[in-house]
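A.B. asks: Fold the following.
(2 chains)
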Protein chains: 2
Amino acid sequence: MSAAGPEIERLIQLLAKLPGLGPRSARRAALQMLQRREAVMRPLAEALAEAADKITPCSNCGNLDTTDPCAVCRDPRRDESVICVVETVGDLWALERAGAFKGRYHVLGGVLSALDGVGPEDLNVAGLIERAGKGETTEIILALNATVDGQTTAHFLADKLSPAGVEITSLARGVPVGGELDYLDDGTLSAAFRSRRPA
Amino acid sequence: MSAAGPEIERLIQLLAKLPGLGPRSARRAALQMLQRREAVMRPLAEALAEAADKITPCSNCGNLDTTDPCAVCRDPRRDESVICVVETVGDLWALERAGAFKGRYHVLGGVLSALDGVGPEDLNVAGLIERAGKGETTEIILALNATVDGQTTAHFLADKLSPAGVEITSLARGVPVGGELDYLDDGTLSAAFRSRRPA
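C.D. replies: From the prediction side, this is the model:
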């Protein structure tokens, strides 16, 4: 039994489901919020309810936004001819934070995985092939994670997309900015050597 | 600029205020919740709103509950004659989880601290003195943290409570369960030696 009462216990249990919060930190978070009710607790309740109501996946690219199509798909300043394929919305956000890309996105919703039983029908592959076949698309960038599953999926997509006759590219491999050679794995070092460029 | 939209950005900012969640894990939490809307996001929104509405500090002991007096103060099976003084509601919860105490509590709401400018008037000291003066109280256990401020506060309270003529005790000092001597600080080891008991 706990002295916290069923309402607080339920709140703690729900908070503990968030990634990065265990039961102990969920309890601390609940307690801190109860002491800062108007500043944190109520605004968070409202923000969560609003997000749950309003935010939907974009029917074009799979991004999450309050509008459909999403802000990225609606932005007329973005290049419609280049589509960057990412695994998750989190990856899309990461690329947007970097500000390196000014085209459109396509969120697959995962990667092919024999182990987890994820096949092409579980991912938004059909939508990508349809977009690739439209006249305006000239390049598709496969920005998938450099994992085994990510690269398997990239090969699969490159194969599926070849009939569309668009250029298919993938992100460069090499030494990350700030990376120290001594700490890099052999695969990255080999890839960086193979793709070496004039200095 | 972020691709996430103002509603999601606001949600992420609010989540990042929780202890244990930084901006990065707040983003991960928001994304995970958007994908588990009915299972996590909406229940959490409701639990937060309900807690913000219903939960109040107990006017007797300072515990947080949906009722005033709280469940601990209302429980007729608990010993009214012993009051355990704690710094925070979190400490009260910790003692309840341990299940070691079956009396009543008194939450001070902090400790005296010259550095942070916390004086006796900022803590619920008056309420404690009043409760100590009532005929039914026979013992007050000062379960404050074993920090400098906690012990300063314990001395202050012992002094203030002496006119009430009740027994004043504090938690035992010693080697924690599972503690290895080699890793314990000198203060704990000395205290454990001074308070040694027949085996």
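
A.B. asks: ranges for the strands of chain A?
C.D. replies: Along chain A, the stretches classed as strands by DSSP state E are A:56-57, A:64-65, A:79-86, A:103-107, A:139-142, A:167-170.

A.B. asks: Now do the third one: everything it contacts.
C.D. replies: Counting by CB atoms under 8 Å, 6 or more residues apart in numbering or on different chains, the neighbours of strand A:79-86 from elsewhere in the structure are A:92, A:95, A:101-108, A:128, A:131-132, A:136-144, A:157. Heads up, the C-betas are built off the backbone N, CA and C, glycines and all.

A.B. asks: Partner strands of it and their direction?
C.D. replies: The sheet places strand A:79-86 alongside strand A:103-107 (parallel), strand A:139-142 (parallel), with pairing taken from DSSP bridges.

A.B. asks: Next: the second one.
C.D. replies: The strands beside strand A:64-65 in its sheet (DSSP bridges) come out as strand A:56-57 (antiparallel).

A.B. asks: For A:A154, the count of nearby residues, please.
C.D. replies: Applying other CB atoms under 10 Å in any protein chain shown, we find 21 residues neighbouring A:A154.

A.B. asks: and the closest residue to it other than its chain neighbours, how many neighbours?
C.D. replies: Nearest residue to A:A154 in three dimensions, chain neighbours excluded: A:L142, at 4.5 Å (CB to CB, 6 or more residues apart in numbering or on different chains). Residue neighbour count, defined by other CB under 10 Å, stands at 22 for A:L142.

A.B. asks: Could you do the one 4 residues further on as well?
C.D. replies: The tally of other residues near A:A146 (other CB under 10 Å) stands at 13.

A.B. asks: quick one: contacts for the closest residue to it other than its chain neighbours?
C.D. replies: Using CB to CB, 6+ apart and skipping residues adjacent in sequence, the residue nearest A:A146 is A:R173, 7.1 Å away. A:R173 is in contact with A:146, A:188, A:191-192, A:195, counting by CB under 8 Å, 6+ apart.

A.B. asks: Would you check how far apart A:R173 and chain B are?
C.D. replies: From A:R173 across to chain B, the span is 24 Å (CB to the nearest CB, to the nearest Å).

A.B. asks: My read is that A:T88 contacts A:Y105, right?
C.D. replies: No - taking contact to mean CB atoms under 8 Å, the distance of 10.9 Å between A:T88 and A:Y105 leaves them out of contact.

A.B. asks: okay, and for chain A, where does confidence drop off?
C.D. replies: With pLDDT under 70 as the threshold, chain A has low-confidence stretches at A:1-4.

A.B. asks: Chain A: helices as residue ranges?
C.D. replies: Under the criterion DSSP state H, chain A carries helices at the ranges A:5-15, A:23-35, A:42-54, A:71-74, A:89-98, A:125-133, A:148-161, A:186-194.

A.B. asks: Turn the ones you listed into a markdown table, columns for distance to B:P76.
C.D. replies: Converted to a markdown table, the helices of chain A look like this (distance: least, CB to CB, whole Å):
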| stretch | distance to B:P76 |
| --- | --- |
| helix A:5-15 | 17 |
| helix A:23-35 | 26 |
| helix A:42-54 | 35 |
| helix A:71-74 | 59 |
| helix A:89-98 | 52 |
| helix A:125-133 | 64 |
| helix A:148-161 | 60 |
| helix A:186-194 | 68 |
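
A.B. asks: How many residues are close by A:L115?
C.D. replies: There are 7 residues near A:L115, going by other CB under 10 Å.

A.B. asks: Also A:S113?
C.D. replies: Using other CB under 10 Å, A:S113 is surrounded by 16 other residues.

A.B. asks: which residue sits closest to it, ignoring its sequence neighbours?
C.D. replies: Spatial nearest neighbour of A:S113, excluding adjacent residues (CB to CB, 6+ apart): A:D149 at 4.9 Å.

A.B. asks: now the one you found: how far from B:D122?
C.D. replies: Using CB to CB, to the nearest Å, A:D149 is found at 56 Å from B:D122.

A.B. asks: These two: which has the busier surroundings?
C.D. replies: Taking A:D149 and B:D122 together and counting by other CB under 10 Å, A:D149 has the greater number of neighbours (18 against 15).

A.B. asks: my guess is the more buried one contacts A:L108, does it?
C.D. replies: No - checked against CB under 8 Å, the pair A:D149 and A:L108 is beyond contact range at 11.2 Å.

A.B. asks: returning to what we had before: OK, contacts around the residue nearest to A:S113?
C.D. replies: A:D149 makes contact with A:111-113, according to CB under 8 Å, 6+ apart.

A.B. asks: Distance of it relative to B:L142?
C.D. replies: A:D149 sits 57 Å away from B:L142 when distances are taken as CB to CB.

A.B. asks: Grab the nearest non-local neighbour of A:G127.
C.D. replies: Excluding the flanking residues, the one nearest A:G127 by CB to CB, 6+ apart is A:H106, at 7.1 Å.

A.B. asks: And A:P69, by the same measure?
C.D. replies: Ranked by CB to CB, 6+ apart and with sequence neighbours excluded, the top spatial neighbour of A:P69 is A:N60, at 4.8 Å.

A.B. asks: Repeat that for A:A192.
C.D. replies: Leaving aside its sequence neighbours, A:A192 sits nearest to A:G174 (CB to CB, 6+ apart; 4.3 Å).

A.B. asks: and the one you found, how many residues sit next to it?
C.D. replies: 17.

A.B. asks: try A:E136
C.D. replies: For A:E136, the count of nearby residues is 11 (other CB under 10 Å).

A.B. asks: With the one 3 residues further on instead?
C.D. replies: The local packing count at A:E139 equals 15, with neighbours defined by other CB under 10 Å.

A.B. asks: Settle this for me: it is touching A:E167, isn't it.
C.D. replies: Yes - using CB under 8 Å, A:E139 makes contact with A:E167 at a distance of 4.4 Å.

A.B. asks: can I see the domain layout of chain A?
C.D. replies: Taking automatic domain parsing as the domain assignment, the record places the domains of chain A at A:6-54, A:64-170.

A.B. asks: and A:D79, what are its bridge partners?
C.D. replies: Beta-bridge partners of A:D79, as defined by DSSP bridges: A:G103.

A.B. asks: gap between it and A:T138?
C.D. replies: Relative to A:T138, A:D79 is positioned 9 Å away (CB to CB).
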